[in-house]
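In: Would you be able to build a 3D model of this:
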Amino acid sequence: MVVVQIHHLAEHTITQLRPGPPTTCVWPPTKTEYNNDKCTNTTTDEDKPGPPVIMSVEPAPSSSLRVSWSTPEKPNGVITNYTITWTWEGHMDHTITPDNTYTTTDLLPCTTYSVTVRAATSKGYGPESDPLTGTTYRVDPDPYLQDVMAAKVMDQSSQLFVNWTAVQGVGNCVVTYRITWRPVSESDGGGTSYTTSLSYTITQLEAWTTYQVCVAATTKTKYNNDKCTNTTTDEDSE
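Out: Residues are numbered from 1 along each chain as shown. Modelled structure (predicted):
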């Protein structure tokens, strides 16, 4: 909308303008008819920008998220930079970039992050964008488990108790552990079981028999290498 104001003064301040390059024209009145317009172009001062719009938050290799966003609908000046903030499980981190894309790195695998973006002009930062979430990829566990231990169960000659240390570097990925066992001196009498906990009790074993017990882990479908130990069941009390 164009507002025309008539004044007999030599100068006047135009208000309620939008940031941008308007055209200002001055008509010096003489009686009831005006001469030809004398015009000049000028630009209003910058203001803080409006919020950007996040277009996508996509998982990328090496526990990363690739974020892209659009320039604010109302930039209100020259955008100097953007601040990207990501939060997860009560934690927060951020970075600054002049671009409309950024890849966050060194994130936790299998973890959902909430991302927001703010734009800045010379007048400062505007409001944050609406948040958008993204989840990082799964990762394979380390090649070997650490500290696999198996022990006889006192007065339970048919059982062995097995425990191990959790795999590291898998973030919030669900880890499935595979436990296998077999008598050292025989080919028969073995078995396999699966669990997501860090211990397992093997039952229905032979008394006073040495077993090789192995544990492997996976976050997908392929297991890492077995970590094995030998132990002997308790004597039979009868």
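In: how does the chain divide into domains?
Out: Domain ranges of the chain: 53-135, 149-232, per automatic domain parsing.
In: I'd like those domains as JSON lines, with mean pLDDT, distance to K38 and mean neighbour count appended.
Out: Any C-beta I mention is one placed from the backbone N, CA and C, and that applies to glycine too. Output for the domains of the chain, formatted as JSON lines (pLDDT from 0 to 100; distance: least, Cβ to Cβ, whole Å; neighbours: other Cβ atoms under 10 Å):
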{"stretch": "domain 53-135", "mean pLDDT": "97", "distance to K38": "28", "mean neighbour count": "16"}
{"stretch": "domain 149-232", "mean pLDDT": "95", "distance to K38": "68", "mean neighbour count": "16"}
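In: P143 is nearest to which of these?
Out: Of all those, the one in closest proximity to P143, counting by Cβ to Cβ, is domain 149-232 (5.3 Å).
In: Compute the first-to-last residue distance for that closest one.
Out: Using Cα to Cα, to the nearest Å, one end of domain 149-232 lies 12 Å from the other.
In: Could I get the contacting residues of the closest residue to S199 other than its chain neighbours?
Out: Nearest-residue entry for S199: N163, 4.0 Å, with adjacent residues in sequence omitted and distances by Cβ to Cβ, 6 or more residues apart in numbering. Neighbour list for N163: V148, M149, L198, S199, Y200 [criterion: Cβ atoms under 8 Å, 6 or more residues apart in numbering].
In: try 7 Å this time
Out: Shown in contact with N163 (Cβ atoms under 7 Å, 6 or more residues apart in numbering): M149, L198, S199.
In: Pull the contacting residues for the first one.
Out: To tie it back to what came earlier, the one meant is M149. When contacts are counted by Cβ under 7 Å, 6+ apart, M149 touches N163, T229.
In: Equivalent analysis for the last one, please.
Out: Residues touching S199, when contacts are defined by Cβ under 7 Å, 6+ apart, comprise F161, V162, N163.
In: what about the second one, helix or strand, and which?
Out: Mapping V162 onto the secondary structure by DSSP states H and E places it in strand 156-163.
In: What pairs with that strand, parallel or antiparallel?
Out: strand 149-153 (antiparallel), strand 199-202 (antiparallel) (DSSP bridges).
In: Only C-alpha atoms, please: export the next helix or strand after it in CSV.
Out: Where DSSP H and E defines the elements, the next helix or strand beyond strand 156-163 is strand 176-183. Extracted in CSV, the C-alpha atoms of strand 176-183 (Å, rounded to 0.1, in the frame of the first residue of the first chain):
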residue,chain,number,x,y,z
THR,A,176,22.1,-58.2,20.9
TYR,A,177,24.6,-60.7,22.4
ARG,A,178,25.0,-64.3,21.1
ILE,A,179,26.2,-66.9,23.6
THR,A,180,27.5,-70.2,22.4
TRP,A,181,28.9,-73.1,24.3
ARG,A,182,30.3,-76.6,23.8
PRO,A,183,32.3,-79.2,25.8
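In: Just name whatever secondary elements the next helix or strand after strand 176-183 is in contact with.
Out: Counting by DSSP H and E, the next helix or strand C-terminal to strand 176-183 is strand 191-195. On a contact count with 3 or more Cβ pairs under 7 Å, 6 or more residues apart in numbering; DSSP states H and E, strand 191-195 meets strand 176-183.
In: G126: which of the strands paired with strand 156-163 is closest?
Out: Using Cβ to Cβ, the strands paired with strand 156-163 put strand 199-202 closest to G126, at 53.1 Å.
In: residue contacts, the most centrally placed residue in the chain?
Out: Closest to where the C-alpha atoms of the chain average out (Cα atoms, centre = their mean) is Y113, at 3.5 Å. Going by Cβ under 7 Å, 6+ apart, Y113 touches L65, W86, T87, W88, L107, T133, G134.
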